[in-house]
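Chemist: Sequence plus the predicted model coming up.
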Amino acid sequence: MSHEQSEQPNRAQHITTKTGRILRVTDEQLAAAASAKAAASVHPDPARRKDVLFRVRRDEGHEISSWWMVGAFVLTSGIVIALLSWVPGGA
């Protein structure tokens, strides 16, 4: 089994995303991504349908902060504890 070099070297390009991540991609990967993007544009995104209320697909780098979830947990826990303090027979 021998490893031979191809006639055309597979040149890798460096692409920087919006978040600053550097990706090393080949021409074949770029062509595959372009064809996949063209195929995906034919079908509408199901997350953007009119009947979907809370599911949203955000762009890269625009993810929700985890602190919103921490704050929601603390707020919900505080409300539950406040409501349970009104239950008779507690400590």
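Modeler: On my side now, so go ahead.

Chemist: Can you list the low-confidence ranges for this protein?
Modeler: 1-11, 39-50, 52, 90-91 (pLDDT under 70).

Chemist: which residues of it fall in strands?
Modeler: 12-16, 22-26 (DSSP state E).

Chemist: In a markdown table, list these along with mean neighbour count.
Modeler: Every C-beta, even on glycine, is put in place using the N, C-alpha and C of the backbone. Below are these laid out as a markdown table (neighbours: other CB atoms under 10 Å):
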| stretch | mean neighbour count |
| --- | --- |
| strand 12-16 | 10 |
| strand 22-26 | 11 |
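
Chemist: Now tabulate the ones you listed in CSV and tack on distance to residue 35.
Modeler: Output for those, formatted as CSV (distance: least, CB to CB, whole Å):
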stretch, distance to residue 35
strand 12-16, 17
strand 22-26, 14
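
Chemist: Go through those and name the closest to residue 61.
Modeler: Across these, residue 61 has its closest neighbour in strand 12-16 (12.0 Å, CB to CB).

Chemist: next one: that closest one to chain centre, how far?
Modeler: Distance, stretch centre to chain centre, for strand 12-16: 21 Å (CA atoms, centre = their mean, to the nearest Å).

Chemist: now swap in stretch 13-23 and tell me
Modeler: 16 Å.

Chemist: Next: stretch 21-32.
Modeler: Worked out by CA atoms, centre = their mean, stretch 21-32 lies 19 Å from the chain centre.

Chemist: As a check, name the ranges of all helices in this protein.
Modeler: Taking DSSP state H as the criterion, the chain carries its helices at 27-42, 66-84.

Chemist: Could you export those as CSV, including mean neighbour count and distance to residue 14?
Modeler: Putting the helices of the chain into CSV (neighbours: other CB atoms under 10 Å; distance: least, CB to CB, whole Å) gives the following:
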stretch, mean neighbour count, distance to residue 14
helix 27-42, 10, 12
helix 66-84, 10, 30
